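Asker: Could you work out the structure for the sequence below:
(one chain, ligands or ions: 1)
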Amino acid sequence: MTEEKSSAFRARLIGVAGNSATMEVLDGEARSSDELVFCGSAQTRKVLSLREYNGHTMAELDSPVEAQVGEIVARSVERPEYVDQFEAKIFWMSEREMLPGRSYSLICAGQSVDATISKLKYKVEESSGKHIAANSIAQDETFIANLSLDRNIAFDPGSTRLETSRFELRSGDSKILARGEIRHSLRRASNVHWQALAVDKIARSKLKNQTPKIIWLTGLSASGKSTIANIIEKKLLAMGKHAYLLDGDNVRHGLNKDLGFTAADRVENIRRIAETSKLMLDAGLIVIASFISPFRAERRMARSLFEEGEFIEVHVDASLALCEERDPKGLYKKVRRGAITNFTGFDSPYDRPEKPEIRIDTETVSAEEAASRIIDYL
Ligand code: ADP
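Answerer: So this is what the prediction gives:
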């Protein structure tokens, strides 16, 4: 038997109609006596016959299958792994720095999912293979990391020969940032099932007589986020609504007290805040998040955790000059004295929101008026 024939059968479903499934073969080959599994929908079907069609393999199955195009198909006796967390070796090709916590698109054998590098383990020195501790990764560096996906995918860890063990990471604008190989799955995922409780978000928010939302205020320091957020919270309370204000003070002193202001820490800061907000939303609350949140990619990541219409991005806008003039906490003075570094607007960037649900120009709109506009939008 040749090497090719002994390999596991792996294919990508490219079409399905009744009893027949058309597949793009990635590895190995199917036989007419096989029982196939459609990994995404976990359905198994016996193959009655096979034929070639336009370079693809068409299988006639013993009964109709309801599977999605893009699913990986395999023999049911040699299934790939199917989880949402794994360890991988990654070669970083982009000139953009790699930051753990940021979300990327991962493409593995045609399956496309949102992925986060949940833990950077170490860099690998190319020449010696030595492991080096690292917090971030630059262009042309190789590293080992854990990845966390937003849903399960089928893959074959540790087998560099198979297409189902290799992947690409891409940015939001589809640029290839990195290529990687899956080393092994992290089993934790298969043990932690999100409990489908009968008491759900809908039941909890009905009890509170409100629709849970997240009002995400972003803007420069002293642009007016906290001032507006506090007014919104008071107004909602007066209306009998259950709201909770998350801001730098109650987060940086507790949940995120281990984080500083480097780019990597800012990404992790926002990731934790977004996940916490999601739990609060699930509890039926209206969450007001007041953070500079300077990076577009993190705001996009935060938005992606919520359902359509739940996330309301509010750009609290004021020029840097005006913010410096207001300077309610004296932070800008400290920056000018050189006592603070990595300060947004100076030596750390602020990506202006491109399409926020609401933009408030606090140079012309009072804080009261801003809060009313936001509540009207709700
Ligand atoms: P941030 O939370 O964005 O760092 P703060 O709300 O702590 O900002 O500070 C903003 C400062 O600007 C406060 O002193 C506030 O009174 C003042 N301010 C002046 N005009 C406005 C406005 N239209 N909206 C919000 N704040 C304003």
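Asker: Just give me the neighbour total for whichever residue of the stretch 101-250 of the chain sits closest to the ligand.
Answerer: When scored by C-beta to the nearest ligand atom, the stretch 101-250 of the chain has residue 224 as its residue closest to the ligand, at 2.5 Å. Placement of C-beta: from N, CA and C, glycine included. Using other C-beta atoms under 10 Å, residue 224 has 25 neighbouring residues.
Asker: give the contact list for it.
Answerer: 316, 318, 360, 362, 367, 370 (C-beta atoms under 8 Å, 6 or more residues apart in numbering).
Asker: where does the residue nearest to the fifth one when sequence neighbours are not counted land in three-state SS?
Answerer: Okay, so that is residue 367. In this structure, residue 367 finds its nearest non-sequential neighbour in residue 227, 4.7 Å apart by C-beta to C-beta, 6 or more residues apart in numbering. Taking DSSP: H, G, I helix; E, B strand; the rest coil as the rule, one finds residue 227 in the helix state.
Asker: how near is the most centrally placed residue in the chain to residue 84?
Answerer: What sits nearest the mean C-alpha location of the chain, by C-alpha atoms, centre = their mean, is residue 103, with 4.2 Å. As judged by C-beta to C-beta, to the nearest Å, residue 103 and residue 84 stand 13 Å apart.
Asker: So which of the contacts of residue 224 are in strands?
Answerer: 316, 360 (DSSP state E).
Asker: now, which of the contacts of residue 224 lie close to the ligand?
Answerer: 362, 367, 370 (C-beta under 6 Å from any ligand atom).
Asker: So what's the residue count around residue 169?
Answerer: Neighbours of residue 169 under the rule other C-beta under 10 Å: 23.
Asker: same for the longest helix seen in the chain, what does it pack against?
Answerer: Longest helix of the chain, by residue count under DSSP state H: helix 263-282. The helices and strands touching helix 263-282, judged by 3 or more C-beta pairs under 8 Å, 6 or more residues apart in numbering; DSSP states H and E, are helix 201-207, strand 213-218, strand 243-247, helix 248-252, strand 286-290, helix 296-304.
Asker: how far off strand 243-247 does the fifth one point, in degrees?
Answerer: By that I understand strand 286-290. On the basis of axes from the mean of the first three to the mean of the last three C-alpha atoms, to 10 degrees, strand 286-290 is oriented at 20 degrees to strand 243-247.
Asker: Direction included, what does strand 286-290 pair up with?
Answerer: Applying DSSP bridges, strand 286-290 is found paired with strand 213-218 (parallel), strand 243-247 (parallel).
Asker: Pick the most buried one from the ones you listed.
Answerer: Greatest average neighbour count among the strands paired with strand 286-290 goes to strand 213-218 (a mean of 26), per mean count of other C-beta atoms under 10 Å.
Asker: now the angle between helix 263-282 and that strand, please.
Answerer: Computed by the same axes, to 10 degrees, the angle separating strand 213-218 from helix 263-282 equals 160 degrees.
Asker: hang on, the earlier thing: please tabulate the ones next to the ligand among the contacts of residue 224 in a markdown table, including the columns neighbour count, distance to residue 9 and pLDDT.
Answerer: Shown next, in a markdown table, are these (neighbours: other C-beta atoms under 10 Å; distance: C-beta to C-beta, whole Å; pLDDT from 0 to 100):
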| residue | neighbour count | distance to residue 9 | pLDDT |
| --- | --- | --- | --- |
| 362 | 23 | 61 | 97 |
| 367 | 18 | 64 | 97 |
| 370 | 23 | 60 | 97 |
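Asker: which ones among these are found in helices?
Answerer: 367, 370.
Asker: Can you tell me which residues in the stretch 51-200 of the chain are near the ligand?
Answerer: On the criterion C-beta under 6 Å from any ligand atom, the ligand has no neighbours in the stretch 51-200 of the chain.
Asker: Report the buried residues of stretch 261-269.
Answerer: Burial within stretch 261-269, assessed by neighbour count using 16 or more other C-beta atoms under 10 Å, is assigned to 263, 264, 265, 266, 267, 268, 269.
Asker: should've said stretch 276-287
Answerer: Applying 16+ other C-beta under 10 Å to stretch 276-287 flags 276, 277, 278, 280, 281, 284, 285, 286, 287 as buried.
Asker: how far away is residue 137 from residue 176?
Answerer: Where residue 176 is concerned, residue 137 sits at a distance of 15 Å (C-beta to C-beta).
Asker: Settle it for me: which of the two has more neighbours?
Answerer: residue 137 (22 against 13).
Asker: What residues does the more buried one make contact with?
Answerer: 90, 92, 97, 98, 120, 123, 143.
Asker: again, but for residue 357
Answerer: Counting by C-beta under 8 Å, 6+ apart, the residues that residue 357 touches are 312, 313, 314, 377.
Asker: Can you convert the buried residues of stretch 261-269 into a markdown table and add a column each for pLDDT and distance to the ligand?
Answerer: Listed next are these as a markdown table, based on pLDDT from 0 to 100; distance: C-beta to the nearest ligand atom, whole Å:
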| residue | pLDDT | distance to the ligand |
| --- | --- | --- |
| 263 | 84 | 20 |
| 264 | 88 | 22 |
| 265 | 88 | 18 |
| 266 | 84 | 15 |
| 267 | 87 | 20 |
| 268 | 91 | 20 |
| 269 | 91 | 15 |
